[in-house]
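Asker: Got a sequence here, can you build the structure:
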Amino acid sequence: MIQTIITHKCSRCGSTNIVKNGHNKSGSQQYYCKDCHAHRVLEPKRKHTSDTKEKVLKVYKERASLRGLERVFHVSRTTILSWLRERAQQLPTLQETLLPVQGDDVLELDEMWSFVFKKDNKRWIWTAISRKTRQIVAFVIGDRSVKTCRRLWQRLPAEYRELHSFSDFWEAYKKVFPKETHRSVGKETGETAHMERWYNTLRQRLARFVRKTLSFSKSEVYHHIVLKWFITEYNLERRHALASLTT
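Answerer: I've put the predicted structure just below:
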């Protein structure tokens, strides 16, 4: 008689000090590691390839919901969220994605309404866009107070703070941005048109930022992660497009 002995190891720490610990909803055997306290599947039924991962993330940026991706690609929402967290850790800082500032550039400022979990839990997205490059120079998420506006000002790179800027008549801008370089204008002037148009792009690409939708953020963490991911890759695409025009 030939017997085969299989030794299972913890996928996190490699320890063999593991015990069986029930089954998940798919029927797969789970284990508990007594050394690192991991609670995972013993033998995953499906291992997603890197191509599948990139395709899912790419489609996610085209206004697909997590549940929609789960139905189409047969990838669980928890797996997609883990991919989002992993991608967020790999992102460069926003300042690293920016092209060098131009002296005659102008900043356009605006804020966009969004919410987390329920519409009463409002989260305003404050952004500053470069009129020359169309890149997002800085962004913050918070309420609509002067405190949040000041955070936006602090996120601006030092060289961009010297530029002239335009915003609507929201009082917070007047209290934070220098009077010498900032001007409040109406939408009919077109001075904030690029910023407002960018919000249309954001809503078109990511379902959680649409005004009337069943797809919405259920946590503050993912609300920020998804927005940062989108802005970073958008800036890199703009930098690549502008670089190709000059070569």
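Asker: how does the protein divide into domains?
Answerer: Domain assignment for the chain by automatic domain parsing gives 10-45, 46-90, 94-246.
Asker: Residue 2 is nearest to which of those?
Answerer: domain 10-45 (21.6 Å; CB to CB). In this view, the C-beta of every residue, glycine as well, is placed from N, C-alpha and C.
Asker: will you turn the domains of the chain into TSV that also has mean pLDDT, mean neighbour count and distance to residue 2?
Answerer: Listed next are those as TSV, based on pLDDT from 0 to 100; neighbours: other CB atoms under 10 Å; distance: least, CB to CB, whole Å:
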stretch	mean pLDDT	mean neighbour count	distance to residue 2
domain 10-45	85	13	22
domain 46-90	87	14	28
domain 94-246	92	16	50
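Asker: Out of these, flag the one nearest residue 3.
Answerer: domain 10-45 (18.4 Å).
Asker: what's the closest residue to residue 207 other than its chain neighbours in contact with, if anything?
Answerer: Spatial nearest neighbour of residue 207, chain neighbours left out: residue 215 (3.7 Å); criterion: CB to CB, 6 or more residues apart in numbering. By CB atoms under 8 Å, 6 or more residues apart in numbering, the residues touching residue 215 are 65-67, 207-208.
Asker: that older thread, turn the domains of the chain into CSV, including distance to residue 1.
Answerer: Formatted as CSV, the domains of the chain follow (distance: least, CB to CB, whole Å):
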stretch, distance to residue 1
domain 10-45, 24
domain 46-90, 32
domain 94-246, 53
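Asker: Return the residues in contact with residue 144.
Answerer: Contacts of residue 144 (CB under 8 Å, 6+ apart): 111, 122, 124, 170, 172.
Asker: if you set the cut-off to 6 Å instead, what comes out?
Answerer: Residue 144 makes contact with residue 124, according to CB atoms under 6 Å, 6 or more residues apart in numbering.
Asker: Tell me where the chain has helices.
Answerer: Applying DSSP state H to the chain gives helices spanning 50-60, 66-73, 77-90, 146-155, 171-176, 193-205, 220-246.
Asker: Take those and write them to CSV, including distance to residue 118.
Answerer: Shown next, in CSV, are the helices of the chain (distance: least, CB to CB, whole Å):
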stretch, distance to residue 118
helix 50-60, 23
helix 66-73, 18
helix 77-90, 19
helix 146-155, 20
helix 171-176, 24
helix 193-205, 19
helix 220-246, 13
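Asker: Of all these, which one is nearest residue 38?
Answerer: That would be, of these and by CB to CB, helix 77-90, which comes in at 14.1 Å.
Asker: quick one: the lengthiest strand in the chain to helix 146-155, angle?
Answerer: Taking DSSP state E as the criterion, the chain has its longest strand at strand 118-130. Angle of strand 118-130 versus helix 146-155, following axes from the mean of the first three to the mean of the last three CA atoms, to 10 degrees, is 30 degrees.
Asker: Can you give the strand pairings for strand 118-130, parallel or anti for each?
Answerer: Sheet pairing of strand 118-130 (DSSP bridges) gives strand 106-116 (antiparallel), strand 136-142 (antiparallel).
Asker: and the angle for the last one with helix 193-205?
Answerer: Taking the same axes, to 10 degrees, one finds strand 136-142 and helix 193-205 inclined to each other by 60 degrees.
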